[in-house]
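A structural model of the following input is requested.
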Amino acid sequence: MHKQRHLINNFKLATELGAEVIRVKDDKVATAIIQVAEEKHITTVSIGKPALSLIEIILATNVFNQLLKKLANNNIDLIIMS
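Below you'll find the model as predicted:
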């Protein structure tokens, strides 16, 4: 419950600072991020760092590399927050 409350507070703060918070549910995370970014002409994508040490695994996957390449090709900044 604490994590959910923290997440809600972060969404509220982001909105107060002028961000548009978009939540999308999809099994293909990278594809969904790219699709929404292109549709909405998004210039910055912020994602949270996994709580586990999965960041090394994600960085090594083709999906994450595809996401990085596609975002770079569209001049979209990626911010990974811890």
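
what are the ranges of the helices in the protein?
Per DSSP state H, the chain carries helices over the ranges 2-16, 29-39, 55-60, 62-73.

got the buried residues for the first one?
Buried residues in helix 2-16, counted by 16 or more other CB atoms under 10 Å: none are found. C-betas here are computed from N, CA, C, even on glycine.

Check the second one too.
Neighbour-count burial for helix 29-39, counted by 16+ other CB under 10 Å, picks out 30, 33-34, 37.

and the spatially most central residue of the chain, bridged to which residues?
Nearest residue to the geometric centre of the chain (CA atoms, centre = their mean): Ile47, 3.2 Å. Listed by DSSP bridges, the beta-bridge partners for Ile47 are Ile80.

Quick check, pLDDT for it.
Per-residue pLDDT puts Ile47 at 78.

I figured it hits Met81, correct?
Yes: with contacts counted by CB atoms under 8 Å, Ile47 reaches Met81, the gap being 7.2 Å.

Least reliable of the helices of the chain by average pLDDT, please.
helix 55-60 (a mean of 65).

Show the backbone phi and psi for the residue nearest to Ile42 when sequence neighbours are not counted.
Counting by CB to CB, 6 or more residues apart in numbering, Ile76 is the residue found nearest to Ile42 once chain neighbours are left out, at 6.2 Å. Note on Ile76: its backbone torsions stand at phi -110, psi 120 [degrees, to the nearest 10].

Can you give me the neighbour number for Ile76?
Neighbour count of Ile76, defined by other CB atoms under 10 Å: 18.

Over to Leu68?
13.

contacting residues around it?
Contacts for Leu68 (CB atoms under 8 Å, 6 or more residues apart in numbering) come out as Leu78.

From Thr61, how far out is it?
Distance of Leu68 to Thr61, computed by CB to CB, to the nearest Å: 11 Å.

Same check on Thr31?
To Thr61, Thr31 is 13 Å away according to CB to CB.

pretty sure Leu71 is touching Val45, no?
Yes: at 6.5 Å, Leu71 counts as touching Val45 under the criterion of CB under 8 Å.

what do those two both touch?
33, 37, 77-78.
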